[in-house]
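> Would you be able to build a 3D model of this:
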Amino acid sequence: SGKRPWLAKQSLGQNFLVDDGLAATIVAQFAEAAEGASGIVELGPGQGALTGHALRRWPDMLAVELDRRAIVTLGEAHPTLNVEHGDMLKVDWAALAQDCGGRVAVLSNPPYYLTSDLLLS
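Numbers count the residues shown, from 1 in each chain. Coordinates of the predicted model:
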């Protein structure tokens, strides 16, 4: 959509996706990989570029966000979205999979500096 409700925080390494067409493509391609998953989790949704597209496909999805400004923005834009305040590097994947009843598919456009740690968590 290109709309930016607030500026990125350098301290959190934020860079926001603003191309709605690209966001739709990412979610569509993710849908193929997520087929058969028991739960969908978006890590660090930020301003929600992927979130709206994902929520239409998976209304029971979970989002985990550290930035409280994003939580407010996401809640206003997507009142049915389940958003948890938390650090994407501290998600208890085993507990989440158990709560979902199986495999969890993860959607994210994380800050660059977190990518390696996230993939290894």
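> Buried residues of the lowest-mean-pLDDT helix or strand in the chain, list them for me.
Least confident helix or strand, the chain: helix 115-120 with a mean of 82, by mean pLDDT, DSSP states H and E. The neighbour-count check on helix 115-120 (16 or more other C-beta atoms under 10 Å) flags Leu118 as buried. C-betas here are computed from N, CA, C, even on glycine.
> Which residues outside it are in contact with it?
43, 88-89, 108, 110 (C-beta atoms under 8 Å, 6 or more residues apart in numbering).
> how about a cut-off of 6 Å?
89, 110 (C-beta atoms under 6 Å, 6 or more residues apart in numbering).
> Quick check: which ranges of the chain have low pLDDT?
Along the chain, the parts satisfying pLDDT under 70 run over 1-18.
> if we go to 50?
The chain contains residues with pLDDT under 50 at 1-2.
> how about the strands in it?
39-43, 62-65, 82-85, 104-108 (DSSP state E).
> Could you double-check that Ala24 sits in contact with Thr51?
No - between Ala24 and Thr51 there is no contact under C-beta atoms under 6 Å: 11.8 Å.
> Show me which of these two is the more surrounded one.
Of the pair Ala24 and Thr51, Thr51 is the one with more neighbours under other C-beta atoms under 10 Å, namely 25 against 15.
> Run through the residues that contact the more buried one.
Counting by C-beta under 6 Å, 6+ apart, Thr51 has contacts Pro45.
> Can you pull up the most central residue in the protein?
Glu42 (2.4 Å; C-alpha atoms, centre = their mean).
> Quick check, that one in contact with Ala105.
No - at 9.9 Å, Glu42 and Ala105 do not qualify as touching, with contact defined as C-beta under 6 Å.
> So for the two, which residues contact both of them?
Counting by C-beta under 6 Å, 6+ apart, Glu42 and Ala105 have no contacts in common.
> elements contacting the longest helix seen in the chain?
Of all segments of type helix in the chain, defined using DSSP state H, the longest is helix 20-34. Applying 3 or more C-beta pairs under 6 Å, 6 or more residues apart in numbering; DSSP states H and E, we find helix 20-34 packed against helix 51-57.
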